[in-house]
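> for reference, the sequence and a predicted model appear below.
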Amino acid sequence: MKISILSGVFASALAVGTAAHAQTEIQWWHAFTGRLGTLLAEQVDTFNASQSEYKVVANHKGNYSETLNAGIAAFRAGEQPDILMVFEVGTATMMAAKGAVKPVYEVMADAGEPFDPDAYLAAVKGYYTTTDGQMLSLPYNSSTPVLYVNRDALSAAGIDPDTDLSTWENVGPVLDKLKASGSTCPMTTAWQSWVHLENFSAYHNVPFASKENGFAGLDTQLEFNGPAQVKHIAQMGQWAKDGKFIYAGRRNEGGANFRGGECALFTESSAGYAGVKAEAKFAFEIRPLPYWASVEGAPQNTIIGGSSLWVMAGKSDEAYKGVAKFLNFLSTSEIQAKWHQDTGYLPITTAAYDLTKDQGFYKENPGTDVAIIQMTSKAPTPNSKGLRLGSFDQIRGIIDEELEAVWAGDKSAQEALDSAVTRGNVLLRRFEQANR
Amino acid sequence: MEKRVTFKGWLLPLILLTPQIIVSAVFFFYPAGQAVWQSLFIPDPFGLRSQFVGLGNFEYLLGDPYYRASFVTTAIFSILVTVVSMGMALWLALLADRLIKGSGVYRTLLIWPYAVAPAVAGVLWLFMFNTRVGVVSWYLGLLGYDWNHVLNGSEAMGLVVVASSWGRISYNFLFFLAGLQAIPRSVIEAAAIDGAHFWTRFRTIVFPLLSPTTFFLLVVNVVYAFFETFGVIHTITGGGPQQSTTILVYKVFSDGFVGQDLGSSAAQSVILLFVVGILTVVQFKFIERRVHY
């Protein structure tokens, strides 16, 4: 009896309590599990504890594609979250969805939150910004490809582990020596299309697609079958044939072979750092992605992969205020510096980069600044701002298929890239038609 | 021969049929109608706008050589999955049927794989055949065979067929075993006394008497190979390499949920609906004639 009275009192007190702090809930759908998911939850908890007006609720909705689909389906049903995490290849889809999203610059302006787009790294921001400089979504996790080197494997093959690997011209003889010394995996890669075509094109300042890689219009055409790309893919194909480049799969399957010590060189996202550091039982090092010195203009800058946060349309002003506060919170130097150091993703603001530098992180963890230097050393050109192509997830699938044909020796590099361009253009025209 | 029950009025049969009609309408006619309707449009992913294109989506699809090739891939895949899973199941059921001691354990073990979800089965097989760290591919390497389903289309096809058939063998096994046990012993014993060997008995008595089961499984397995193998293909090959394992239903998924091209996806569903419809008609019209009930 006593207990029930007590609990009744307690319950009513609780009800009064919540009524007094009518918190506005902000739904955030994301694609992170495991360690990234934990770190994300930590950010949310920090924000919720820092104020009492808003409560951010993070929901995991599957991988990147599944999260995007969940967001689309929810929008069609009128139940969209406030914030949706969308991977970089979904950018064009989101941008074309006028009426479904509320651009970040607008969210910030309406909420009266301070917002300085120039605080963000140009190479990161550019991917999510319109040609007239309006930031549409907030970069969340961004990485860029780098070269991971197994120093022990090089020594074992009688190669100086400090040898210059900055150009593909220099990488070639190293692969020869590794192969000759009996290595079963001189080099492997993750995300072949992202590293060896998308970033390759930006890095060598050649177009991936017309209309500034799609930034300037939906009527863009793929152009990655140019001489620079063909030369690179042909060389990779030759290396694959000779057993010097080992293809493990479309995603980051090759990572297991590098971390296990089998592969000497590995081109992979800078965000792979945490995994390599945790598992590698050999001396490893991060180097800048190699480029062809023979291509004029190389090295330009590389571009990002990862995701950004899109604010969905159709929410209350109150909710948008909370969203604006939360996005600003995510952009603070402390949060960004921690995220950068914990994950290997890039800091999204210059201030967070400086803070990490001041904290001495790069001195203690050599090579962790390679990615950011590689991305920011030159001002981005129309070829190296990023990509904005519709149906790009599927176009990547096509590129994967065609590259596999090259690695298998079924097609020449020129044939494969020509075919990928033709097939991809069909999808771009479908996308253009759907979003006219 | 056929028995027909005749109703006097039309009210009672209508009432009796209503639940079935409602279920069909809600779960089949309505979604199928939606698919047909949507296949005439090119919408944007968010449903903000939509353009009527008539048969444009079908024109687009049938003009795509990869889509046409996907019919052949589907045919090869479905035939292989059906033959492998039914063949293995029949063989195992014949053995289990002759078993006297420990048949319970044997049967239970054979039925187990059915409890494994297709996607999980896919991951299991993928682990074994992983080109770099898989156990099986490692042993194959020792034998001098360089297994690489990531680049080799036929190996990829072989792997998805085996992975898709594996769990299905259990299901088929159950039906075949039940079918075998329903065959009267006396018939088989009589044949044995007449001097018919195992193989002769199987060919002339067992297999014909088993035909209703076989026919049922044929229909069910073809439908399985067409629609339910998605999880296996998604986890093992993702339709690759070079679309060599992209069956029709996988392309519906990848166009609809990877490419967000709902018009093309809807049109493919409609085509798939017709293909399976025709296939079922063929099965019932032509193959069922050879079935002895």
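Received the coordinates, thanks.
> burial count for the residue of the stretch 1-150 of chain A found nearest chain B?
Nearest residue of the stretch 1-150 of chain A to chain B: A:A100, at 4.2 Å (C-beta to the nearest C-beta). Where you see a C-beta, it was placed from the backbone N, CA and C, and this is true even at glycine. Neighbour count for A:A100, taken as other C-beta atoms under 10 Å in any protein chain shown: 23.
> please name the nearest non-neighbouring residue to it.
Spatially, and ignoring its direct neighbours in sequence, A:A100 is nearest to B:F46 (4.2 Å; C-beta to C-beta, 6 or more residues apart in numbering or on different chains).
> dump the residue contacts of the one you found.
Going by C-beta atoms under 8 Å, 6 or more residues apart in numbering or on different chains, B:F46 touches A:72, A:75-76, A:97, A:99-100.
> thought A:Q27 was touching A:N59?
Yes. Counting by C-beta atoms under 8 Å, A:Q27 does reach A:N59; the two are 6.6 Å apart.
> joint contacts of those two?
Common neighbours of A:Q27 and A:N59 are listed as A:P81 (criterion: C-beta under 8 Å, 6+ apart).
> the more surrounded of the two?
Neighbours were counted for A:Q27 and for A:N59 using other C-beta under 10 Å; A:Q27 has more, 20 against 11.
> can you tell me the SS state at that one?
Here A:Q27 takes the strand state, with states given by DSSP: H, G, I helix; E, B strand; the rest coil.
> any idea what it is bridged to?
Bridge pairing for A:Q27 (DSSP bridges) gives the partners A:V57.
> who's in contact with it?
Contact partners of A:Q27, counting by C-beta under 8 Å, 6+ apart, are A:57, A:59, A:81-83.
> contact partners for residue 209?
Going with chain A. By C-beta under 8 Å, 6+ apart, the contact set of A:A209 is A:220-224, A:387, A:389.
> correction: the question concerned chain B.
Contacts of B:L209 by C-beta under 8 Å, 6+ apart are B:183, B:187, B:292.
> so how many other residues sit close to the first one?
Yep, that's B:I183 we're talking about. Other residues within reach of B:I183, judged by other C-beta under 10 Å, total 15.
> now the spatially closest residue to it that is not a sequence neighbour: how far from A:V89?
Nearest residue to B:I183 in three dimensions, chain neighbours excluded: B:L209, at 5.0 Å (C-beta to C-beta, 6+ apart). Computed with C-beta to C-beta, to the nearest Å, the distance linking B:L209 and A:V89 is 57 Å.
> re earlier: which of the contacts of B:L209 sits closest to A:A216?
Lowest distance from A:A216 to these (C-beta to C-beta) belongs to B:H292, with 70.1 Å.
> assign a three-state SS to the closest one, would you?
At B:H292, secondary structure determined by three-state DSSP is coil.
> state the pLDDT value of it.
If you check B:H292, the pLDDT there is 73.
> then B:A267?
We note a pLDDT of 96 for B:A267 in this prediction.
> would you mind measuring from it to B:Q51?
Distance from B:A267 to B:Q51, counting by C-beta to C-beta: 14 Å.
> B:A190 now?
To B:Q51, B:A190 is 71 Å away according to C-beta to C-beta.
> repeat for A:L222
From A:L222 to B:Q51 the distance is 24 Å (C-beta to C-beta).
> out of these two, which sits in the more crowded spot?
The residue with more neighbours, out of A:L222 and B:Q51 and counting by other C-beta under 10 Å, is A:L222; that gives 25 against 14.
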